[in-house]
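In: need a structure here:
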Amino acid sequence: MLDQLTIARPDDMHLHVRDGAVLRDVVPHSARQFARAIIMPNLRPPVVRVEQAMAYRDRILAAVPPGLSFEPLMTLYLTDSTPPQEMRRAREAGVLAMKLYPAGATTNSDAGVTDLRKVARVLEAAEREGIALLVHGEVTDADTDIFDREAVFIDRHLHALRRDFPALKIVLEHITTKEGAQYVADAGARTAATITAHHLLYNRNALFIGGLRPHWYCLPILKGEEHRRALVAAATSGSDRFFLGTDSAPHAAALKEHASGCAGCYMAFSALELYAEAFDAVGALDRLEAFASLHGAAFHGLPRNAGTVTLQRRPATLPDSLPFGEAELKPLRAGDTLAWAIAAPNRNDRTTP
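Out: A predicted model of the protein is given here:
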């Protein structure tokens, strides 16, 4: 049995860090483990212009603790009115991608796209400029069951996007279904997917064990066991189309434990430990480095991180809560003891081609 694993410093290809005072509380959790992270733009107001993205980047960097190295990779929030010329400005500024939220799909997505036909010229410009499209792949119509919304989005929209923009890099984010995994596996080299630790570890039963458990509520919602198994198979397959994206989404505990609780699981505090648990459960620890540290960087044309992180098989108990500005934040599995712990984070800041 492998009791220690050293991997190249990984990248989180899907991360929420919010804004304002709470940055100082959550950014260090990611910087402890990850060299880089793709930062989601769904603030209020959303990050829709290059200058907003650059200013947000500066605020994130100011929250990185001394002695740690962490690079935020910025994105723009795609709206019905995004000007196509913004894609050239994005490329020149080093903005990596733009995010497609169908309007109303998740937290702070009300400014999202209402009709893909309205953004066709922007997608053409993104394809031309080499800006990736990150997709929250769910339909939002009320007559589609919440457990079917990813599969319906693929059938209704994603096939057409892939056909109409063949050179556009598309990432189907936080996939949750066997249909999502199969689509990405079959779609070609310019299509990829991120997978979260919670969707690898849990099925929808986790929402209801011992009562309603709001800290397991996320969007896309946890699915059935056959879907969880399909995600594990994809993540551990060795395919370079699948890579790590935590979708860590901090919310004040009081807003999670609420009559209308927020969607999102806070994973950043113990992300690598939970991914290690998921890979270890199926005897695939030898494939964790590629999934966490290599595939995402290669897809986005980024250099490999030269630093390392070491994981050890030893008990580590998560705190019951964490600071979150003037509130508190509860990590997923708060108070539980994990089987893995980080022993040597954030060594060597350099990257290699």
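
In: Neighbours of residue 128, how many?
Out: By other Cβ atoms under 10 Å, the residues close to residue 128 number 15. Every residue, glycine included, has its C-beta placed from N, CA and C.

In: Any buried residues in the helix or strand harbouring it, and which?
Out: Assigned by DSSP states H and E, residue 128 belongs to helix 120-129. Using 16 or more other Cβ atoms under 10 Å as the test for burial, helix 120-129 gives 122, 123, 125, 126, 127, 129.

In: Any figure for the gap between the last one and residue 175?
Out: Relative to residue 175, residue 129 is positioned 26 Å away (Cβ to Cβ, to the nearest Å).

In: for the second one, same thing?
Out: Residue 123 sits 21 Å away from residue 175 when distances are taken as Cβ to Cβ.

In: and what of residue 274?
Out: 17 Å.

In: what does residue 292 give?
Out: 16 Å.

In: More neighbours: those two, which one.
Out: More neighbours surround residue 175 than the other of residue 292 and residue 175, with 31 against 27 (other Cβ under 10 Å).

In: if you count residues, which helix in the protein comes out on top?
Out: helix 50-62 (DSSP state H).

In: shaky segments in the protein?
Out: 105, 107-109, 344-353 (pLDDT under 70).

In: Helices along that one, start to end?
Out: Under DSSP H, the chain gives helices at 23-31, 50-62, 86-93, 120-129, 149-153, 159-164, 178-186, 197-201, 225-235, 253-256, 271-281, 288-289, 295-299.

In: what packs against the fourth one?
Out: When you say that, I think you mean helix 120-129. helix 86-93, strand 132-135, helix 159-164 (3 or more Cβ pairs under 8 Å, 6 or more residues apart in numbering; DSSP states H and E).

In: how far out from the middle of the chain is it?
Out: 23 Å (Cα atoms, centre = their mean, to the nearest Å).

In: neighbours of the closest residue to residue 102 other than its chain neighbours, just the number please.
Out: In space, residue 102 comes closest to residue 140 once its chain neighbours are excluded; the distance is 5.1 Å by Cβ to Cβ, 6 or more residues apart in numbering. A count of nearby residues for residue 140, using other Cβ under 10 Å, gives 17.

In: hang on, residue 140 packs against residue 106?
Out: No: counting by Cβ atoms under 8 Å, residue 140 does not reach residue 106; the two are 9.3 Å apart.

In: residues near the spatially closest residue to residue 187 that is not a sequence neighbour, how many?
Out: Leaving aside its chain neighbours, residue 187 sits nearest to residue 162 (6.0 Å; criterion: Cβ to Cβ, 6+ apart). Residue 162 is flanked by 17 other residues according to other Cβ under 10 Å.

In: distance of residue 162 from residue 144?
Out: Taking Cβ to Cβ, one finds residue 162 at 21 Å from residue 144.

In: same deal with residue 8?
Out: 40 Å.

In: Looking at those two, which is more packed in?
Out: Remark: of residue 8 and residue 144, residue 8 carries more neighbours, 21 against 15, as counted by other Cβ under 10 Å.

In: Thought residue 291 was touching that one, still the case?
Out: No: the criterion here is Cβ under 8 Å, and residue 8 misses it with residue 291 at 11.5 Å.

In: Now for the residue nearest to residue 1 when sequence neighbours are not counted: which residues touch it?
Out: Using Cβ to Cβ, 6+ apart and skipping the chain neighbours, the partner closest in space to residue 1 is residue 313 (7.6 Å). By Cβ atoms under 8 Å, 6 or more residues apart in numbering, the contact set of residue 313 is 1, 2, 3, 4, 339, 340.

In: which residues pair with residue 313 across the strands?
Out: On the basis of DSSP bridges, residue 313 is bridged to residue 340.

In: Tell me how far it lies from residue 319.
Out: 20 Å.

In: Equivalent analysis for residue 197, please.
Out: Taking Cβ to Cβ, one finds residue 197 at 18 Å from residue 319.

In: Compare these two (neighbour count), which wins?
Out: A count of neighbours by other Cβ under 10 Å puts residue 197 above the other of residue 197 and residue 319, at 26 against 14.

In: residues contacting the more buried one?
Out: So residue 197 contacts 246, 267, 271, 274, 275, 277, 278 (Cβ under 8 Å, 6+ apart).

In: any chance of the residues you listed in JSON lines, with distance to residue 206 and neighbour count too?
Out: Shown next, in JSON lines, are those (distance: Cβ to Cβ, whole Å; neighbours: other Cβ atoms under 10 Å):
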{"residue": "246", "distance to residue 206": "17", "neighbour count": "28"}
{"residue": "267", "distance to residue 206": "14", "neighbour count": "28"}
{"residue": "271", "distance to residue 206": "17", "neighbour count": "29"}
{"residue": "274", "distance to residue 206": "13", "neighbour count": "24"}
{"residue": "275", "distance to residue 206": "17", "neighbour count": "26"}
{"residue": "277", "distance to residue 206": "14", "neighbour count": "18"}
{"residue": "278", "distance to residue 206": "13", "neighbour count": "24"}
